[in-house]
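Participant: let me see the structure of the following:
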Amino acid sequence: MNHQPAIVRWSMPLTVTALLVFTLLPVRCTSRLQWFSEQAEVVIAPIEAPITRLTNWVIPTTSVGGLESDEERSLRTELERVQTQLYREREINRQLTTLVDQLQRGANLTPDIDVRQIHRPRIGFSGELLVVRSGTDDGLHRNTVAVVDAVQLLGRVSVADTRTCKVLPITSDTALPIMATVMLDNNGQYQLRCLLSPVGNGTLRGAITPSSEPGFPELSPGMEVRLLDDQWPRHAQMLVVGTILRIENAPNQPLRRQIIVQQNTGCI
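Facilitator: Residues are numbered from 1 along each chain as shown. The predicted structure is shown next:
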């Protein structure tokens, strides 16, 4: 029968006894043991963070009941902030792209006419007139053409003072009828002239006679309508009036059709 050395047989009982004795000793008697604790910290501290991350990866720190930990909450908050910023940047990029396209289209409509564009915000409405924060100090006067996004026709300035002006929209009840043309194709090769009058509900209405020429495109809702009226300045010609909302039979004129034109959404 093999016998273990006495130091091996008695090491565990002696260790347990020593721990019990040190537990019962006053704090002043164990202060000298602080040195051993400091040496242990030197060994443990460098590996504490990696072990903690490994433990959290193996055993998630989310507490019972689905509540998220502080680290998860912080990560989720940061993710939501980045997503919000991303969506905001995408929207700004979309607006800038749209503005560039509209300005280019506006320049292509009247490339040989020197027009000074003044970008100003609207303040609100005064009856049927739209109040804009710009006036005679900026060179505006009665009958100055007002547009939205460079190509969408809004109306004409009715009254102007030094700092503000009031614009009468083309869809207002008191606005005069306008001559326009329907763009039947993207190239502008096929067009139909019409006289549009405001209805009062944000739309314009006018009789139109479809062409009987062979190969002429058929009139349909969604087609673009542009200004072509000698009573308006040259630089206003071919500005967008709106799109055809629907086509109806003209009252008391069975051989003619009637179109309802609506300005682009968000024009005012």
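Participant: show me where the stretch 151-268 of the chain has strands.
Facilitator: 152-160, 165-169, 178-183, 191-198, 203-208, 224-227, 240-249, 257-262 (DSSP state E, counting those that start in this stretch).
Participant: figure out which of those strands is closest to Arg76.
Facilitator: Among these, the nearest to Arg76 by Cβ to Cβ is strand 152-160 (42.3 Å). The C-beta positions use only the backbone N, C-alpha and C, and glycine is treated the same way.
Participant: any figure for the gap between the closest residue to Pro217 other than its chain neighbours and Gln191?
Facilitator: Leaving aside its sequence neighbours, Pro217 sits nearest to Leu184 (Cβ to Cβ, 6 or more residues apart in numbering; 4.1 Å). As judged by Cβ to Cβ, to the nearest Å, Leu184 and Gln191 stand 6 Å apart.
Participant: of the two, who's got more company?
Facilitator: More crowded of Leu184 and Gln191, by other Cβ atoms under 10 Å: Leu184, with 20 against 17.
Participant: so the more buried one is in contact with Gly215, correct?
Facilitator: No: contact between Leu184 and Gly215 fails when scored by Cβ atoms under 8 Å: they sit 11.1 Å apart.
Participant: shared neighbours of these two, anything?
Facilitator: Residues touching both Leu184 and Gly215 (Cβ atoms under 8 Å, 6 or more residues apart in numbering): there are none.
Participant: which residues in the chain form helices?
Facilitator: For the chain, the helices defined by DSSP state H cover 6-24, 27-30, 34-58, 70-109.
Participant: out of those, which gets the lowest mean score?
Facilitator: For the helices of the chain, mean pLDDT drops lowest on helix 27-30, to a mean of 60.
Participant: on that earlier part again, figure out which of the strands of the stretch 151-268 of the chain is closest to Arg234.
Facilitator: Nearest of these to Arg234, taken as Cβ to Cβ: strand 224-227 at 11.1 Å.
Participant: what is that closest one packed up against?
Facilitator: For strand 224-227, the packing partners by 3 or more Cβ pairs under 8 Å, 6 or more residues apart in numbering; DSSP states H and E come out as strand 178-183, strand 240-249.
Participant: as TSV, the strands of the stretch 151-268 of the chain with mean pLDDT would be great.
Facilitator: Output for those, formatted as TSV (pLDDT from 0 to 100):
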stretch	mean pLDDT
strand 152-160	91
strand 165-169	93
strand 178-183	92
strand 191-198	92
strand 203-208	92
strand 224-227	90
strand 240-249	91
strand 257-262	92
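Participant: so for Thr98, which of those sits nearest?
Facilitator: strand 152-160 (11.8 Å).
Participant: so which bits of that closest one are buried?
Facilitator: For strand 152-160, burial by neighbour count (16 or more other Cβ atoms under 10 Å) applies to 152-158, 160.
Participant: can you tell me which of those lies nearest to Gly222?
Facilitator: Taking Cβ to Cβ as the measure, Gly222 lies nearest Gln152 of these, at 16.0 Å.
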